[in-house]
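Asks: Build me a structure from this.
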Amino acid sequence: MRFQAAVLRSYENPFTVEEVVLRAEPDVGEILVEIAGSGMCRTDLAVRRSAGRSPLPAVLGHEGAGVVVRAGEGPDTAIGVGDHVVLSFDSCGHCRNCRGAAPAYCEYFASLNLFGGREEELPRLADSTGKALAPRWFGQSSFAEYALVPARNAVRVDPALPLELLGPLGCGFLTGAGAVLNTFGAGPGDTLAVFGAGAVGLAAVMAATAAGVLTVAVDRHPERLALAERFGATPLHAASSDLPERIRRLTDGGAQHALDTTASPPLINKALQALRPTGSLGLVARLHTPLPLEPGTLDRGRSIRHICEGDAVPGVLIPRLIGLWQAGRFPFDQLIRTYPLAGINEAERDCDAGRVVKPVLLPERTSR
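Replies: I've put the predicted structure just below:
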């Protein structure tokens, strides 16, 4: 099967949209999905900074949504041809954490999602010359017209929904909202400070507002702060003098929870200083430098931890977020701008420049 996909061939050069060849049918527990839309996440773009750990050339993309056009057999393939699905991260399904309803902490998460995928998939996708492309990125490689994915990655959704917009629910929006609803278990009367009002941070703001949480949002871009305010948060500029004290005043003595999406050590320290005693800080971005903590930041029961994929079981959280959206309480669609798949490099530039919160790529149909 031949179709168009965006291929990243080197860490420095632009994506090239070219013909690729899928050399396999869906195996046991797998589905072939015709992609309606795929969100661009900063994790996709971080491959350029991965110091060679992510194999190239590769088809990236891990916020896909589409229609199942073929399905393998087996007990894991309850999803069938014609189903509309949102795709999320890959997990093994049998390790201790997967069995304990914590697939984001799958013992094989890194190998399945980031550093080469399942070994048996190596020869399945190739370019038009026959050169093998790296195996599925996050179980998807959805910057393409089609994606061959494990059925356990997929969440069935109502065909009446705008499928092309739903892909970011599988990662970016799931991460921010899940941190609030799952990790923090935040509810009415709780307080939250969100550092970084990008896609993940704004999803956290929307989820917090839906849950009745008093929220402060911190960013350096006025337009992002305006969005956070629209979604129910009190905006604060990151360069504000005495930022922790201002947050403590707004949250009646300190935030109960804080979420950092920036990976900035100075802001992480400010987030800890803004917490009330026993408050908790969650980090969702990968740190690229050491994290020195200022004296006193972890005093009085304060804690810090990393949160992966919003501690989500995608089959539980994605329908919950769709229900909130249908009720007008999680307006994630207001963060999306669509681009044709052929415009992937423009989407990346706009994302890097902060001109768009969540780009979504829409494939054109040229497959054969």
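Asks: And stretch 27-34, what's buried?
Replies: Gly29, Glu30, Ile31, Leu32, Val33, Glu34 (16 or more other C-beta atoms under 10 Å). Every residue, glycine included, has its C-beta placed from N, CA and C.
Asks: tell me the mean pLDDT for it?
Replies: What stretch 27-34 shows for mean pLDDT is 93.
Asks: Excluding its own residues, what touches that stretch? List them.
Replies: By C-beta atoms under 8 Å, 6 or more residues apart in numbering, the residues outside stretch 27-34 that reach it are 22, 25-26, 64, 66-77, 79, 85, 87, 142, 145-152, 154.
Asks: which of those residues are buried?
Replies: 22, 26, 64, 66-68, 70-72, 77, 79, 85, 87, 142, 145-152, 154.
Asks: could you measure the nearest residue to Pro57 once chain neighbours are set aside against Thr16, distance?
Replies: Spatially, and ignoring its direct neighbours in sequence, Pro57 is nearest to Arg9 (4.3 Å; C-beta to C-beta, 6 or more residues apart in numbering). According to C-beta to C-beta, to the nearest Å, Arg9 stands 6 Å off from Thr16.
Asks: Just list the residues touching Arg286, thanks.
Replies: Arg286 neighbours (C-beta under 8 Å, 6+ apart): Ala46, Ala263.
Asks: distance of it from Arg124?
Replies: 28 Å.
Asks: can you check Ser264 too?
Replies: 39 Å.
Asks: In strands, which of the contacts of stretch 27-34 fall?
Replies: 22, 64, 66-71, 85, 87, 146-150, 154 (DSSP state E).
Asks: Partner strands of the helix or strand harbouring Thr278 and their direction?
Replies: Thr278 is located in strand 275-283, with elements delineated by DSSP states H and E. With DSSP bridges as the test, strand 275-283 is paired with strand 255-260 (parallel), strand 303-306 (parallel).
Asks: right, and these - which one's nearest Ser240?
Replies: strand 255-260 (15.0 Å; C-beta to C-beta).
Asks: Return the distance of whichever strand or helix holds Ile35 from the chain's centre.
Replies: Assessed by DSSP H and E, Ile35 sits inside strand 30-39. Put simply, strand 30-39 sits 16 Å off its chain's centre (C-alpha atoms, centre = their mean, to the nearest Å).
Asks: for stretch 316-334, same thing?
Replies: 15 Å.
Asks: Likewise for stretch 89-96?
Replies: 18 Å.
Asks: With just CA atoms, put it into PDB.
Replies: Only the C-alpha atoms of stretch 89-96 are listed here, as PDB (Å, rounded to 0.1, in the frame of the first residue of the first chain):
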ATOM      1  CA  PHE A  89       0.300   6.300  23.200                       C
ATOM      2  CA  ASP A  90       1.600   2.800  23.000                       C
ATOM      3  CA  SER A  91       1.900   0.400  26.000                       C
ATOM      4  CA  CYS A  92       2.500  -3.300  26.400                       C
ATOM      5  CA  GLY A  93      -0.600  -4.200  28.300                       C
ATOM      6  CA  HIS A  94       1.000  -6.900  30.400                       C
ATOM      7  CA  CYS A  95       3.600  -5.400  32.700                       C
ATOM      8  CA  ARG A  96       2.700  -4.600  36.300                       C
END
